[in-house]
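**Q** Model the structure of this input:
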Amino acid sequence: MESPGFTTLKTSSFFIAVSLLIAVACGLIAYTLVSRQNTVPSGHEGFQGPTRGVSEIPCGQESSHATAILELFSTKQSITEEGAADLKELKLILSKLCCLKHDLMSTAQVVQAMLYLPYNNTHDRENPADIAGRCFTKSIPMRDLDISFGTWKERGLALVSRLCTSYNLSPSESDQLKNNFTGLWMDVFSIAKNACVVTKENPVFESPRDPKGFTPEDIQDLGPYKGYY
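**A** Numbering: from 1, shown residues only. The predicted structure is shown next:
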């Protein structure tokens, strides 16, 4: 027959073992949660990779031109009060160009990267996400696309000119900055024109359920109406 002291010791050992197992399980759960916080957000990325977490700006990894611009300013300080704000706005324009490219080139074909970029009335003609959305539905006229891209380019080059002074760039650095911005703009505009605008080479594939025009059979042989309404 076991003594009371031995029974108490046995019970205590059991509870200690259970407590250790619970502590180990809690530790593993906490480690898993912390590890997930350090991973890159996932989603409908297709084969384009993540929209955030790779570059200093959203989608910056989509263009070597954007990367070169960011590297140019990474070690420089503005000598004017407006320099930091101008650079922040230029980075936002770069993000919109890169994120539009990301969405248009993604196999998911959904508005994802552009969805989180804010509207700025200084360089936007419409909500950034709406541009990508209208591209996927091919409901954006070439004129509207020209206006949006033209505004980005005009404002971007104005900021580039001011930043050359604010950050005291050399003539070669100024040329590099302007060429990289123009190169990025031309690259994305070329992709957008092909992906967003309906052409003979790029027809609209409509669903059988989409509404279409219909002419009744009893008036198909009639000539054009030339009277008055």
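**Q** Could you list the single helix or strand in this protein with the lowest mean pLDDT?
**A** Between all helices and strands in the chain, the lowest mean by mean pLDDT, DSSP states H and E belongs to helix 4-37, at a mean of 64.
**Q** Can you say which helix or strand has residue 186 in it?
**A** Assigned by DSSP states H and E, residue 186 belongs to helix 171-196.
**Q** model confidence over stretch 118-126, on average?
**A** Regarding stretch 118-126, the rounded mean pLDDT is 94.
**Q** Kindly report the same for stretch 96-110.
**A** According to the model, stretch 96-110 has a mean pLDDT of 92.
**Q** low pLDDT regions in this structure?
**A** Scanning the chain for pLDDT under 70 picks out the ranges 1-15, 18, 30-54, 199-229.
**Q** Distance of residue 24 relative to residue 17?
**A** Between residue 24 and residue 17 the distance, using C-beta to C-beta, to the nearest Å, works out to 11 Å. For the C-beta atoms, the positions are set from N, CA and C on the backbone; glycine is no exception.
**Q** dump the residue contacts of residue 29.
**A** With contacts defined as C-beta atoms under 8 Å, 6 or more residues apart in numbering, residue 29 is in contact with no residue.
**Q** What of residue 133?
**A** When contacts are counted by C-beta under 8 Å, 6+ apart, residue 133 touches residue 111.
**Q** Could you tell me the end-to-end distance of stretch 69-79?
**A** Here the two ends of stretch 69-79 are set 18 Å apart, with distance taken as C-alpha to C-alpha, to the nearest Å.
**Q** Can you list the buried residues in that stretch?
**A** Judged by neighbour count (16 or more other C-beta atoms under 10 Å), stretch 69-79 contains these buried residues: 69-70, 72-73, 78.
**Q** now do stretch 149-157
**A** When neighbours are counted by 16+ other C-beta under 10 Å, the buried residues of stretch 149-157 are found to be 149, 151-153, 155-156.
**Q** Which of the residues you listed fall within helices?
**A** Secondary-structure check on the buried residues of stretch 149-157 using DSSP state H: residues within helices are 149, 151-153, 155-156.
**Q** for residue 195, what are its contacts?
**A** Residues in contact with residue 195 (C-beta under 8 Å, 6+ apart) are 104, 135.
**Q** Quick check: it vs residue 100, distance?
**A** Counting by C-beta to C-beta, the gap between residue 195 and residue 100 amounts to 9 Å.
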